[in-house]
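>>> test case, fold it:
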Amino acid sequence: MLEIPTTGKIRIDAWLWAVRAYKTRSEATAACRAGHVRLNGVSAKAAQPVVPGDRVRVRKNGFDRELEVVGLISKRMSASVAVKCYIDHSEPREKIIVPQVPVRERGAGRPTKKDRREMDRLRASWIDPED
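Purely as a prediction, here's the structure:
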């Protein structure tokens, strides 16, 4: 069984890459430079050390993840090992409902006036669901 170290220090960009918050270490470093990573509420530089008990906030794809450091790994390991190195305190994401675009059959020609009115009615229900 692999034991995860809980003492010492490790760079925040290496830790974020190792726990699979970012696909590459350079992507984690770029996120730190851009200000998308916060360590204990303060904007973090890539070389800043992380110790167990620290809170790391990562902004990625428009969503925030709040991670509490539990274990320190510097190499990328399996996902099951990586999950044991942090506690996720993030709020659950809202499901985004993307409306379907009306699709006409190929070769059906130009929509009739009746078809157009039905499409307009459908689009209006997306904008104002109370109708």
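>>> number of residues surrounding Gly8?
In terms of burial, Gly8 registers 11 neighbours under the definition other CB atoms under 10 Å. Every C-beta, even on glycine, is put in place using the N, C-alpha and C of the backbone.
>>> before we move on, what about Arg57?
Arg57 is flanked by 19 other residues according to other CB under 10 Å.
>>> spatially nearest residue to it (excluding sequence neighbours)?
In this structure, Arg57 finds its nearest non-sequential neighbour in Arg38, 4.2 Å apart by CB to CB, 6 or more residues apart in numbering.
>>> contact partners for the one you found?
Contact criterion CB atoms under 8 Å, 6 or more residues apart in numbering gives 44, 56-57 as the residues in contact with Arg38.
>>> hey, what's it bridged with?
As for beta bridges, Arg38 partners with Ser43, Arg57 under DSSP bridges.
>>> so what pLDDT did it get?
Arg38 carries a pLDDT value of 95.
>>> next one: it from Gly62, what distance?
Counting by CB to CB, to the nearest Å, the gap from Arg38 to Gly62 is 16 Å.
>>> helix, strand or coil: sort out Trp15 for me.
Applying DSSP: H, G, I helix; E, B strand; the rest coil to Trp15 yields a three-state assignment of helix.
>>> got the contact list for it?
Taking CB under 8 Å, 6+ apart as the criterion, Trp15 is in contact with 50, 56, 69, 72-74, 85.
>>> which residues in the protein form helices?
Here the chain has its helices, by DSSP state H, at 12-18, 25-34, 79-83, 113-127.
>>> got JSON lines for those helices, with distance to Glu3 too?
Putting those into JSON lines (distance: least, CB to CB, whole Å) gives the following:
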{"stretch": "helix 12-18", "distance to Glu3": "15"}
{"stretch": "helix 25-34", "distance to Glu3": "23"}
{"stretch": "helix 79-83", "distance to Glu3": "10"}
{"stretch": "helix 113-127", "distance to Glu3": "53"}
